[in-house]
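Undergrad: no FASTA, just this:
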């Protein structure tokens, strides 16, 4: 068992009410230090940061772990981290449950065509009630989740309530197996699985292997009228293929939270098309501005502190820290 004191440096000090939550959860073997207060760089073995650069790592000679306060790592960090082979990188997955809940909300909104009738009735227009209903039943259908990590597993738990048959893919396995009634396959079997998936949910990270993973050929493999949800990264799903699938009728509907174009300034936030294609003109898409992981600030920070405490307590107990990032895989 670990007996040494673990000294943790925060680049940004949490607000006191959230810091109190963290202090209640962590081991007494953990000392907390903050950038804006005096600290000894020699003592620091863990850095908690939402942003980091080379000079910070160089100034902490005994640093062993870098904890990023979200999922994923910046491209800039990937470039210079090989120069620090003794430092491991770890993510926090505190947003997995919020993202999973919002994934379910997006899926239901798309499958049940909630938005067009809402928009009509907001203008006192009742005609959608008497028109063809394009909504789909979830009960008993097949769903394929691409990416069976923290988010994918929570999504699967929620979908079980609909008595769905759930399949999933994971990049790190070589053969299929069951996990809690979900059959998990290697990514090499994705194309064959698409043929059986009435619902497709993308929860993958963006890497060289996943960029444009779902294009026109893959969408054509889906059953006609399939529902697609992307809460992974925009470029995993080819935007031309998405538009063509929605306008041709191959896709029944889609719900998208992650995009191809993002605002590059505060001024541009009010007028930046998220795609190069006029998806906003379609009735069979639900568009969300990359907010699936969002909660009110209080809940987000509470979850962040609880998940951070788990990682720090592993270090205090001499255990391997969870959520280690593999730089070669990019997640």
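TA: Great, that's in hand. The shown structure was predicted, so the numbers you read here are calculated from the model rather than taken from an experiment.

Undergrad: who touches stretch 106-123?
TA: 126-129, 133-136, 138, 199, 201, 227, 229, 231, 252-255, 257, 283-286, 288, 292 (Cβ atoms under 8 Å, 6 or more residues apart in numbering). Where you see a C-beta, it was placed from the backbone N, CA and C, and this is true even at glycine.

Undergrad: Of those, which belong to strands?
TA: Applying DSSP state E to the contacts of stretch 106-123, the entries found in strands are 199, 201, 227, 229, 252-255, 285-286.

Undergrad: before we move on, back to that, buried only: go through the contacts of stretch 106-123 for me.
TA: Using 16 or more other Cβ atoms under 10 Å as the burial test, the contacts of stretch 106-123 include 136, 138, 199, 201, 227, 229, 231, 252-255, 257, 284-286, 288, 292 as buried.

Undergrad: can you pull the buried residues of stretch 238-257?
TA: By neighbour count on 16+ other Cβ under 10 Å, the buried set for stretch 238-257 is 238-239, 241-246, 250-257.

Undergrad: Oh, that last question was meant for stretch 27-37, not what I typed.
TA: Within stretch 27-37, the residues that count as buried by 16+ other Cβ under 10 Å are 29-30, 32-34.

Undergrad: now, which of those sits nearest residue 65?
TA: residue 30 (12.4 Å; Cβ to Cβ).

Undergrad: So what sits opposite that closest one in the bridge?
TA: residue 6 (DSSP bridges).

Undergrad: can you check residue 49 too?
TA: residue 68.

Undergrad: the domain parsing of the protein - what is it?
TA: 6-94+297-316, 96-287 (automatic domain parsing).

Undergrad: And the shortest one, end to end?
TA: Spelled out, it's domain 6-94+297-316. One end of domain 6-94+297-316 sits 6 Å from the other (Cα to Cα, to the nearest Å).

Undergrad: Now distance to residue 327 and mean pLDDT too, for the domains of the chain, in JSON lines please.
TA: Putting those into JSON lines (distance: least, Cβ to Cβ, whole Å; pLDDT from 0 to 100) gives the following:
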{"stretch": "domain 6-94+297-316", "distance to residue 327": "6", "mean pLDDT": "92"}
{"stretch": "domain 96-287", "distance to residue 327": "11", "mean pLDDT": "97"}
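
Undergrad: now those domains in CSV, with distance to residue 330?
TA: Output for the domains of the chain, formatted as CSV (distance: least, Cβ to Cβ, whole Å):
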stretch, distance to residue 330
domain 6-94+297-316, 7
domain 96-287, 4
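
Undergrad: Most distant residue from the centre of the protein?
TA: No residue in the chain sits farther from the centre than residue 130, which is 38.2 Å out by Cα atoms, centre = their mean.

Undergrad: I'd like the distance between that one and residue 211.
TA: 44 Å (Cβ to Cβ, to the nearest Å).

Undergrad: Residue 76 too?
TA: Distance, residue 76 to residue 211, using Cβ to Cβ: 18 Å.

Undergrad: A strand includes residue 97, no?
TA: No - under DSSP: H, G, I helix; E, B strand; the rest coil, residue 97 falls outside any strand and is assigned helix.

Undergrad: Contacts only, for it.
TA: 154, 303.

Undergrad: go again using 7 Å as the cut-off
TA: Applying Cβ atoms under 7 Å, 6 or more residues apart in numbering, one finds that residue 97 lies in contact with residue 154.

Undergrad: quick one: it from residue 167, how far?
TA: To residue 167, residue 97 is 22 Å away according to Cβ to Cβ.

Undergrad: Next: residue 117.
TA: 31 Å.

Undergrad: For the helix or strand encompassing residue 18, give me every contacting residue.
TA: Secondary structure assignment for residue 18, by DSSP states H and E: helix 16-25. With contacts defined as Cβ under 7 Å, 6+ apart, helix 16-25 is touched by 14, 301-302, 305-306, 308-309.

Undergrad: before we move on, the earlier item: out of the buried residues of stretch 238-257, which one sits closest to residue 264?
TA: So of the buried residues of stretch 238-257, ranked by how close each gets to residue 264 (Cβ to Cβ), first place is residue 239, at 18.2 Å.

Undergrad: what sits against that closest one?
TA: Per Cβ under 7 Å, 6+ apart, neighbours of residue 239: 260, 275-277.

Undergrad: Buried subset of those, written for PyMOL?
TA: Buried subset of the contacts of residue 239, written as a PyMOL selection, criterion 16+ other Cβ under 10 Å:
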select buried, resi 260+275+277
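
Undergrad: and the contacts of residue 239 as TSV, adding distance to residue 154?
TA: Output for the contacts of residue 239, formatted as TSV (distance: Cβ to Cβ, whole Å):
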residue	distance to residue 154
260	26
275	27
276	32
277	30
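
Undergrad: Tell me how far the spatially most central residue of the chain lies from residue 196.
TA: The residue lying closest to the centre of the chain (Cα atoms, centre = their mean) is residue 232, at 5.4 Å. According to Cβ to Cβ, residue 232 and residue 196 sit 20 Å apart.

Undergrad: In helices only, show me the contacts of residue 239.
TA: Judged by DSSP state H, helices contain none of these.

Undergrad: Now neighbour count, distance to residue 59 and secondary structure too, for the contacts of helix 16-25, in CSV please.
TA: Listed next are the contacts of helix 16-25 as CSV, based on neighbours: other Cβ atoms under 10 Å; distance: Cβ to Cβ, whole Å; DSSP: H, G, I helix; E, B strand; the rest coil:
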residue, neighbour count, distance to residue 59, secondary structure
14, 19, 22, coil
301, 20, 27, helix
302, 17, 31, helix
305, 23, 26, helix
306, 15, 29, helix
308, 24, 22, helix
309, 18, 26, helix
